[in-house]
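Visitor: Give me a 3D structure for the following:
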Amino acid sequence: MDLLTIEGGRPLKGDISISGSKNAALPILIATLLTDEPCGVKNVPSLDDIEAVIGLLVFLGKNVVRQRDRLDITAGPTLYGEAPYELVRKMRASVVVMGPLLARLGKVKVSLPGGCAIGGRPVNIHLEGFKALGASIQLEEGYVTAEANRLQGTSFTLDFASVGATENLMMAASLARGTTLLIGAAKEPEITDLADFLNHMGARITGAGTDTLTIEGVERLHGTEHEVIPDRIETGTYMIAAAITRGDLDLHPARPEHLRELIAKLGQAGVSVDQDNGHLRVKGVKDLHPVDAETAVHPGFPTDLQAPWMALMSLARGVSHIAERVFENRFMHVPELQRMGARIQVKGPHAAVEGVDSLSGAEVMVSDLRAGAALVLAGLAAEGKTVIHRVYHLDRGYEHLERKLSAVGARIRRSQE
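Guide: The predicted structure follows:
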């Protein structure tokens with residue numbers, strides 16, 4: 001198993017190239033199940049989660065060829081309608097194959113998902129939406145089976161603005177008979193990118209980026225070409241890296257409109273953020289102001305940046321308060337940050353962070369993807385050596401992490417335990 005060793009205390013300076021969005025690429029790749037025609041998807045990062053979805057697509061009957069950051073997806077002789085546990089368990093997003101396969105084949109059987117351990121993330125919203133579209137649902141022995149001769153347009157209100165459910169139902173409804181209204185839909189940029197991809201395939205979707213989506217079903221979808229948006233969470237993580245190391249980083253390509261809340265918080269903390277033509281330049285400061293953060297669905301503060309923000313606030317001059325409102329059980333990084341000298345008190349979904357003068361290197365363990373990012377950030381700022389175990393979590397979401405950080409001055413290396 002791999003580990004990362006970081007010699008901290010060095011400001012990061014230089015340029016970092018931002019990869020394509022993992023959370024946009026995953027559903028876009030899955031959406032190719034909606035057509036037999038060839039699709040080309042560019043700016044796809046090389047990550048474990050992406051490889052898991054490629055494996056699932058191949059199992060279901062697709063041919064996938066990668067050339068650098070481009071994937072070409074073509075149809076094999078048969079499209080299969082069952083996704084087994086050994087493939088779905090690797091990543092929760094795999095459940096999103098239900099919508100396309102149900103729409104294409106009329107029947108789908110998918111194992112209940114695995115993946116992150118940061119909360120229940122129930123699939124019941126997906127299933128209730130499929131029922132509203134006219135599907136019958138059966139749950140047995142860890143599998144969900146959905147059947148429908150042809151899905152029927154409907155009006156459905158999501159109890160929670162679930163990104164996965166919005167994606168799943170949007171894809172299913174694109175081939176339904178009639179018009180579907182999704183009320184209370186997720187508004188994340190990744191939803192808009194998926195809607196753009198589907199519309200390029202011939203779907204008729206309006207309202208992406210708002211809480212109400214209108215999907216006018218069509219008879220068939222065709223192949224298309226698409227370039228995935230830059231990863232806003234990777235961008236945000238490196239913005240915080242510049243701040244926590246008192247560095248100076250130029251990040252590109254970037255979409256500042258996807259990170260308004262983080263940019264505002266960094267400004268309140270005293271960090272300089274300049275925006276120019278797809279570039280974000282972030283300069284750290286000696287004295288960070290404490291800034292409270294409360295996670296929310298987009299356009300609020302991203303839950304995926306909560307742990308990195310906590311690492312930053314552990315070095316602020318004063319006390320900040322962080323509230324996690326999206327997922328339960330998402331403070332698993334706190335004991336590891338405490339091992340490095342952070343002063344954090346947790347009560348339910350709230351954390352109080354009392355800033356310290358410096359963090360100290362330590363041996364720490366990663367519990368999930370974004371917790372891992374927080375520990376890397378803390379290690380970059382800490383005095384001494386930090387050894388991070390279970391870094392396979394980071395390989396799910398950060399492309400070429402140590403290569404990108406090394407290029408801007410970090411002392412970071414990967415080795416075998």
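
Visitor: which helices and strands does the strand or helix carrying Ile30 pack with?
Guide: Element membership for Ile30 (DSSP states H and E) is helix 22-31. If you count contacts as 3 or more Cβ pairs under 8 Å, 6 or more residues apart in numbering; DSSP states H and E, helix 22-31 packs onto strand 39-42, helix 48-60, helix 163-173, helix 189-200. For glycine as for every other residue, the C-beta is placed from the backbone atoms N, C-alpha and C.

Visitor: Any idea how far the helix or strand just after the second one is from the middle of the chain?
Guide: Spelled out, it's helix 48-60. Next in sequence after helix 48-60, counting helices and strands by DSSP H and E, comes strand 62-67. Centre-to-centre, strand 62-67 and its host chain are 22 Å apart (Cα atoms, centre = their mean, to the nearest Å).

Visitor: From the contact counts, what lies against the helix or strand following strand 62-67?
Guide: Remark: after strand 62-67, the chain's next helix or strand is strand 70-75, criterion DSSP H and E. Applying 3+ Cβ pairs under 8 Å, 6+ apart, one finds that strand 70-75 makes contact with strand 39-42, strand 62-67.

Visitor: Render the CA-only coordinates of the last one in PDB, please.
Guide: What follows is the C-alpha trace of strand 62-67 in PDB, where atoms were taken according to Å, rounded to 0.1, in the frame of the first residue of the first chain:
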ATOM      1  CA  LYS A  62     -19.100  -0.700 -24.500                       C
ATOM      2  CA  ASN A  63     -15.700  -0.400 -26.100                       C
ATOM      3  CA  VAL A  64     -13.500   2.300 -24.500                       C
ATOM      4  CA  VAL A  65     -10.200   3.600 -25.800                       C
ATOM      5  CA  ARG A  66      -8.100   6.200 -24.000                       C
ATOM      6  CA  GLN A  67      -5.700   8.600 -25.700                       C
END
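
Visitor: Would you agree Phe239 falls within a helix?
Guide: Slight slip there: residue 239 is Met, not Phe. Yes: judged by DSSP: H, G, I helix; E, B strand; the rest coil, Met239 forms part of a helix.

Visitor: who's in contact with Asp36?
Guide: Applying Cβ atoms under 8 Å, 6 or more residues apart in numbering, one finds that Asp36 lies in contact with Ala75, Leu79.

Visitor: Look up phi and psi at it.
Guide: Main-chain dihedrals, Asp36, degrees, to the nearest 10: phi -90, psi -10.

Visitor: for the helix or strand harbouring Ala307, packing partners?
Guide: Using DSSP H and E, Ala307 sits in helix 306-313. Helix 306-313 sits against helix 232-244, strand 293-294, strand 319-323, helix 334-339, strand 350-354, helix 369-381, with contacts defined as 3+ Cβ pairs under 8 Å, 6+ apart.

Visitor: So which of these is nearest Ser94?
Guide: Among these, helix 369-381 comes nearest to Ser94, with 15.9 Å by Cβ to Cβ.

Visitor: ok, then the element right after the closest one?
Guide: Following helix 369-381 in sequence, per DSSP H and E, is strand 385-389.

Visitor: Name the stretch among the helices and strands packed on helix 22-31 that sits most buried.
Guide: The highest mean neighbour count among the helices and strands packed on helix 22-31, using mean count of other Cβ atoms under 10 Å, belongs to helix 163-173: a mean of 28.

Visitor: What pairs with the helix or strand following it, parallel or antiparallel?
Guide: Using DSSP H and E, the helix or strand that follows helix 163-173 in sequence is strand 179-183. Its sheet considered, strand 179-183 pairs with strand 155-157 (parallel), strand 212-216 (antiparallel) by DSSP bridges.

Visitor: Next, format those as a markdown table and append mean neighbour count and mean pLDDT.
Guide: As requested, those are exported to a markdown table (neighbours: other Cβ atoms under 10 Å; pLDDT from 0 to 100):
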| stretch | mean neighbour count | mean pLDDT |
| --- | --- | --- |
| strand 155-157 | 15 | 99 |
| strand 212-216 | 19 | 99 |
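
Visitor: Which among the ones you listed is found nearest to Pro45?
Guide: Nearest to Pro45, of the strands paired with strand 179-183 and by Cβ to Cβ, is strand 212-216 at 26.2 Å.

Visitor: Please state the offset of the helix holding Ile30 from the chain centre?
Guide: Here the centre of helix 22-31 is set off from its chain's centre by 10 Å, with Cα atoms, centre = their mean.

Visitor: Identify all contacting residues around it.
Guide: Counting by Cβ under 8 Å, 6+ apart, 41, 43-45, 47, 49-50, 53-54, 57, 71, 73, 91, 93, 96-97, 100, 163, 167, 171, 188-190, 193-194, 197-198, 201, 226, 228-229, 231, 233, 396-397 sit against helix 22-31.

Visitor: how does the protein divide up, domain by domain?
Guide: Using automatic domain parsing, the domain ranges for the chain come out as 2-19+230-416, 22-227.

Visitor: Straight-line length of the first one, end to end?
Guide: With Cα to Cα, to the nearest Å as the measure, the first residue of domain 2-19+230-416 is 5 Å from its last.

Visitor: Redo the helices and strands packed on helix 22-31 as CSV? Include mean pLDDT.
Guide: CSV is the format used below for the helices and strands packed on helix 22-31 (pLDDT from 0 to 100):
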stretch, mean pLDDT
strand 39-42, 99
helix 48-60, 95
helix 163-173, 98
helix 189-200, 99
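
Visitor: Same list, those, but as JSON lines with distance to Pro77 please.
Guide: Putting those into JSON lines (distance: least, Cβ to Cβ, whole Å) gives the following:
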{"stretch": "strand 39-42", "distance to Pro77": "17"}
{"stretch": "helix 48-60", "distance to Pro77": "12"}
{"stretch": "helix 163-173", "distance to Pro77": "23"}
{"stretch": "helix 189-200", "distance to Pro77": "25"}
